[in-house]
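>>> quick one: sequence plus predicted model below, questions after.
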Amino acid sequence: MNTTTSVPSKGLKATALGYPRIGPNRELKRALEAHWSGRLDAAGLQEAAASVRSGMLDDLALLDTVPTGTFSLYDHVLDTVVAVDALAPRHRRETELASYFAAARGDDAAVPLEMTKWFDTNYHYLVPEIGPETAFAAKPAKTVTEFVEAKERGLDARPVLLGPVSFLLLAKPSEDAPADFSPFDRLDDLVPVYVELLAALRHHGAGRIQLDEPALCADRTEAELAAVAAVYRRLGAEILVAGGYGPFGESLPVLLEAGVEGIALDLVRGRSDLEALEALDVSRETFFLAGVVDGRNIWRADLEKGAADLARLQRISDRVGVSSSSSLLHVPVDLDAEQELPEALFERLSFARQKLREIKAIADPEGSREARPEAPADWRDASVRERLAALDADADRRVPYPERQAAQAERVPLPPLPTTTIGSFPQTAELRNARAAHRRGLMIDADYKARMKAEVAAVIAEQEKLGLDVLVHGEPERNDMVQYFAEQLTGFATTAAGWVQSYGSRCVRPPILYADVTRQAPMTVEWTSYAQSLTEKPVKGMLTGPVTILAWSFVRDDQPLADTADQVALALRDEVADLEAAGTAIIQVDEPALRELLPVRAASRAAYRDWATRSFRIATSGVRPETSIHTHLCYSEFGEVIDAIAALDADVTSIEASRSKMEVLADLDRANYRSAVGPGVWDIHSPRVPAAEDMAEALRLAVDALGPERVWANPDCGLKTRRYEEVRPSLEGLVAAARAVREQLAKSA
């Protein structure tokens, strides 16, 4: 039933904590890739970037105050590295732009910065490298330029910077740092640089400045909290501290006592901060932003709930504004670009532009707005719920790993350090054009299938020529590792233009999981069986796991994630069974997002670990012992989820390890992890072709740590985004590296 909500506020300021920065039609992506390929010079790139920023300001002008400085050519954490002049020496080039992209992507002379997930989101940030000798200096040009752009348009602008505490807590020690060094040790040296950055902004007319401190939404030690208090006493007045990824918790009273002017609260995932504030002695002059519009999901706001939270906050302070709960970086730009979504679903959605209107509506009680419609009853499927309820207690259990290992070795004999890839092969322009033509009805089904089969045959031949041991079909028919399955499962909808930045120029189009999930027919068996018919070598079946499908979709908010994960797992269980019945000996179920959904707060992690790993085991535990289950994880702090990785009970786990320089090996050793591992020895997110000897050295480290019988040789991720000119020599080097280490092992034996 539709109702109208009046918000008990008047004259409140409306704002957002950040905004999508790729452009409504991915204009920034296209400009970046044109620049990297040599088709667009530096001036052209900067012109395109200025146009994207102008469009952002056009949208944000709806609000009373607008954030500036949230645009980035690649990553806002890397922007902060530049702002405090902390680039590593290996990345410094003749121009600032070349230095920036050397750090982001690497080049022939240097590997890039490590990349990892931004809290519990699918955004990836570049990890700063800070050492005892890092010489900080203020470089305010970018943040000043973007503030002035907004000011000259007559907008009430608020500069945004990543705060010094989070910057150092998100950093890692440089290679030359002592073993006991922490980047956070440099906080006292960094704060004066922030003082200079703030002074430069105020010189150009800035008033309140937003410092993002998302690390304060995680568990912090007493020593860290004491340092937070000292920092914000030094930084002075007119500072708005924003979290955006859950409650501030124990950091909240520290910020209040430090005398910050304002705090932006995440009242979607951090409503417990409201109870905390009600129990504290808070000055009524403290400014609060009520983050009541979800910045991380695409469902329309619950105005009544938002109004109630806002009213509670107004009883605490006389100075309250309304905002998004986090930056709107995590949602697509415009719902109005979608013309083919079901009407009942469309009416329940809100993208970035629509969320600005929601924020404005909550801040302006003179307007009224209909509540979000209820979910239709036919979005629930009794049969899938009954089937889940009827699962046996041991439906997520297999026989012990040593027993499986012996059966799998007998079925598929492999050499030490088997070589393989993660799944996808380059998605060429010809493939993308064929998919687009088929989607638009310009290529009939038979011709499209013939084109895809020809690509599969070429990929199999390529791998056999390279000498890989376990092959893949290359996934030419898949537009995306989640969307491909979403298009074949009930309960999902896909968008036409719902693009979201994942990192740099890499954009994804998350499906919308809005109803109960079931599988109607096999999704991958035909392609895997066809590939296997072309070779005597084993071909892996390739699926995406339930947690990753959830993490890389916009998921319904009317039931617990665990329930939705089990529904997806049940559909995948049927697919795994059909692959096995078709003779597939190795089935890979990827969970690269396992770490991504890990709750920021430790108190919530055990429950997450239980349901996340159980859903994977529901999907994979119906197979016989001789069928090998692989999984893949990437760009994570694996030490934080090593117990969950073990609980997946996969036979082989491939893990990103190249940018982090095999740090995961120590985590595996500490956790007494005993299954097989494929530590990625080639960073596919960089165009750099690794030397065979570098990969061999990485494999030697893995063998020393794990033993040769437990090590696989593979890249750290799929090859979809790379060109064959990079893939061929890199895979040749990978195979040569594995052979060289095998020979050394044979000689040692």
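That came through fine. Residues are numbered from 1 along each chain as shown.
>>> centre of the chain to the host helix or strand of Val82, how far?
Secondary-structure element containing Val82, defined by DSSP states H and E: helix 76-83. Distance of helix 76-83 from its chain centroid, counting by C-alpha atoms, centre = their mean, to the nearest Å, is 18 Å.
>>> what helices or strands is it leaning on?
helix 96-105, strand 124-126, helix 141-152, strand 157-162 (3 or more C-beta pairs under 8 Å, 6 or more residues apart in numbering; DSSP states H and E). C-beta here means a position set from N, CA and C on the backbone, and glycine is covered the same way.
>>> who are the packing partners of the third one?
I take that to be helix 141-152. Using 3+ C-beta pairs under 8 Å, 6+ apart, helix 141-152 is in contact with helix 42-60, strand 66-68, helix 76-83, strand 157-162, helix 187-203.
>>> what about the shortest one, distance to the chain center?
Between the centre of strand 66-68 and the centre of its host chain there is 24 Å, according to C-alpha atoms, centre = their mean.
>>> what comes into contact with it?
15-19, 57, 60, 143, 146-147, 149-150, 155-160, 210 (C-beta atoms under 8 Å, 6 or more residues apart in numbering).
>>> what do you get if the cut-off is 6 Å, keeping everything else the same?
For strand 66-68, contacts defined as C-beta atoms under 6 Å, 6 or more residues apart in numbering pick out Gly18, Leu60, Glu146, Phe147, Ala150, Leu155, Ala157, Arg158, Pro159, Val160.
>>> how much space between the second one and Thr95?
Same thing as Leu60. To Thr95, Leu60 is 30 Å away according to C-beta to C-beta, to the nearest Å.
>>> more crowded one of those two?
Under the criterion of other C-beta atoms under 10 Å, the comparison of Leu60 against Thr95 puts Leu60 first, with 24 against 9.
>>> what's across from the residue lying closest to that one once chain neighbours are set aside in the sheet?
Of all residues not flanking Leu60 in the chain, Val66 sits nearest, at 4.1 Å (C-beta to C-beta, 6 or more residues apart in numbering). Beta-bridge pairing for Val66 (DSSP bridges): Ala157.
>>> surely Cys634 and Pro592 touch.
Yes - counting by C-beta atoms under 6 Å, Cys634 does reach Pro592; the two are 4.6 Å apart.
>>> which residues does the residue nearest in space to the middle of the chain contact?
Of all residues in the chain, the one closest to the mean position by C-alpha atoms, centre = their mean is Asn122, 1.7 Å from it. Listed by C-beta under 6 Å, 6+ apart, the contact partners of Asn122 are Ser502, Trp552.
>>> can we see that at 7 Å?
Ser502, Ala551, Trp552, Ala593, Glu596 (C-beta atoms under 7 Å, 6 or more residues apart in numbering).
>>> same thing with Ala740?
Counting by C-beta under 7 Å, 6+ apart, Ala740 has contacts Ala696.
>>> and if you look at the one 5 residues further on?
Going by C-beta under 7 Å, 6+ apart, Leu745 touches Pro416, Pro708.
>>> tell me how far it lies from Ala705.
Leu745 is 14 Å from Ala705, by C-beta to C-beta.
>>> how about low-confidence regions in the stretch 301-450 of the chain?
Low-confidence segments of the stretch 301-450 of the chain, defined by pLDDT under 70: 367-369.
>>> cutoff 80 now
365-370 (pLDDT under 80).
>>> what segments of it are helices?
For the stretch 301-450 of the chain, the helices defined by DSSP state H, counting those that start in this stretch cover 303-314, 343-346, 352-363, 382-389, 401-411, 429-439, 445-466.
>>> does anything pack onto the fifth one? Which helices or strands?
Just to be clear, that refers to helix 401-411. When contacts are defined as 3 or more C-beta pairs under 7 Å, 6 or more residues apart in numbering; DSSP states H and E, helix 401-411 packs onto no helix or strand at all.
>>> check which residues of that helix are buried.
For helix 401-411, the neighbour count (16 or more other C-beta atoms under 10 Å) marks Tyr401, Arg404, Gln405, Ala407, Gln408 as buried.
>>> go on, the second one?
By neighbour count, and taking 16+ other C-beta under 10 Å as the criterion, the buried residues in helix 343-346 are Leu345.
>>> all set now, cheers.
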